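S.K.: how does the following fold in three dimensions:
(one chain, ligands or ions: 1)
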Amino acid sequence: MDNIQFKISLYRHIIVLLLCTFCIIPSLAQKATFSADEYNEALQEAHEKLLQNKDGANADYIPVLAEVPSDLFGISICTVDGEIYDIGDSEHRFSIQSISKVFTLAMVMQRLGINAIPDTIGVNATGRPFNSIVAIETQPDRPSNSCVNAGAIATTSLVEGNTYDEKWNNIISTFSKFAGRDLDVDQEVYESEAATNNRNRAIAHLLEAYGRMYYDPVEATDIYTKQCAISVNSHDLAVMSATLANGGVNPQTNEKIIDEKYLPHIMAVMCTAGLYDDSGLWLYYVGLPGKSGVGGGVIAVAPGRFGIAAFSPRLDVAGNSVRGVRAIIEVSRKLGVNLFTVK
Ligand SMILES: NC(=O)CC[C@H](N)C(=O)O
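M.R.: Down below sits the predicted model:
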């Protein structure tokens, strides 16, 4: 091969390599990032499509939740680069409720390690409503999963701290780091639930009887109730879930809150019971780890891409926000971020 031929062949190889790197291989894989227009369009379409949806009803077993205006509807996305996209009532504050369960799980996993969670709480799906007592009676690991009440109260009982105040201060300060601002409690929601939470107290006592409660059951239930009453908006929740999507580093403050190695395990627990007895249905349509709360919030994590949160108070029979779930289905479909997509 003379010098000219060698050079031509070399250039050909370089061109093929460049095409593969920048055109062919990326087009085969899912897109890692989206433009501002793509995010805004996905949010607008979902919001518009669901605005007229009036299905479901506010939670009323916590009396003040029944009084939240049912028509509120907001959606927010926070990318792993810290960009925020909001639509609708994204500034309206509501109680975090069960979405808090993900973040206390993160705290306890950080404290005790990956293997302690199956041993002390459990990671299996319950296939039962979030406040099921039958699940405790029938499942060998009792609390079963941090995403349902029994597992969540057990998880809160394992938060670092020797006293009520130490545990609570740890929770509120870590949640604030996840959100990137100082969060506080909606006192009215807390008092309303604390006055009516006999069922959760019963769950905590039952777990104690099975040796699966790791702190005083009455105090653990009260701390759990307070953590559920932390006041957030969809914007905050998008940042909190983006922190999970970003490997434990808040993409707005750049603060590292949890080690990256724990994220796959937290997300696995979210997949198994994040939407309670409808977790299978959720995963079937969304293909992302998610978590809902009876305050009307829902989050989903698109690992390495973004966190999304939707809020609307009307719930379906499983206790999941009707518009919130559907909005996330729409956005995740439009952007094509289902984790089970082959290419
Ligand atoms: N699913 C939920 O959001 C339930 C949380 C609520 N605080 C309860 O324990 O009943």
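
S.K.: now do the strands in this protein.
M.R.: Secondary structure of the chain, counting by DSSP state E: strands at 74-79, 84-88, 94-95, 231-232, 290-292, 297-302, 306-311.

S.K.: between these, which gets nearest to the ligand?
M.R.: Evaluated over the strands of the chain, closeness to the ligand peaks at strand 290-292, with 6.9 Å, by C-beta to the nearest ligand atom. To be clear about C-beta, it is placed using only N, CA and C from the backbone, and glycine gets the same treatment.

S.K.: who does that closest one pair up with?
M.R.: strand 297-302 (antiparallel) (DSSP bridges).

S.K.: which residues sit against the strand it pairs with?
M.R.: 94, 96-97, 99, 102, 232, 234, 237-238, 240-241, 244-245, 267, 270, 275, 286, 288-292, 307-311, 320-321, 324-325, 327-328, 332, 335, 337, 339 (C-beta atoms under 8 Å, 6 or more residues apart in numbering).

S.K.: and if you look at stretch 198-207?
M.R.: By C-beta under 8 Å, 6+ apart, stretch 198-207 touches 131, 133, 136, 142-143, 149-150, 153-154, 157, 213, 217-218, 220-221, 224-225.

S.K.: redo that, cut-off 7 Å
M.R.: 131, 133, 136, 142-143, 149-150, 153-154, 213, 217-218, 220-221, 224 (C-beta atoms under 7 Å, 6 or more residues apart in numbering).

S.K.: enumerate the residues of the chain near the ligand.
M.R.: Contact residues, the chain versus the ligand (C-beta under 6 Å from any ligand atom): 97-98, 130-131, 149, 193, 200, 228, 293-294, 319.

S.K.: possible to save the residues you listed as a markdown table with neighbour count and pLDDT?
M.R.: Output for these, formatted as a markdown table (neighbours: other C-beta atoms under 10 Å; pLDDT from 0 to 100):
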| residue | neighbour count | pLDDT |
| --- | --- | --- |
| 97 | 26 | 98 |
| 98 | 26 | 98 |
| 130 | 26 | 96 |
| 131 | 19 | 96 |
| 149 | 27 | 97 |
| 193 | 25 | 97 |
| 200 | 23 | 98 |
| 228 | 28 | 98 |
| 293 | 28 | 98 |
| 294 | 24 | 98 |
| 319 | 21 | 97 |
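
S.K.: looking at those residues, which one is closest to residue 117?
M.R.: residue 149 (16.6 Å; C-beta to C-beta).

S.K.: residue 219 contacts residue 165, correct?
M.R.: No - here residue 219 does not reach residue 165: they are 10.3 Å apart, not a contact under C-beta atoms under 7 Å.

S.K.: so which of the strands of the chain gets nearest residue 343?
M.R.: Residue 343 lies closest to strand 297-302 among the strands of the chain, at 16.4 Å (C-beta to C-beta).

S.K.: quick one, that closest one and strand 306-311 angle?
M.R.: 160 degrees (axes from the mean of the first three to the mean of the last three C-alpha atoms, to 10 degrees).

S.K.: noted, bye for now.
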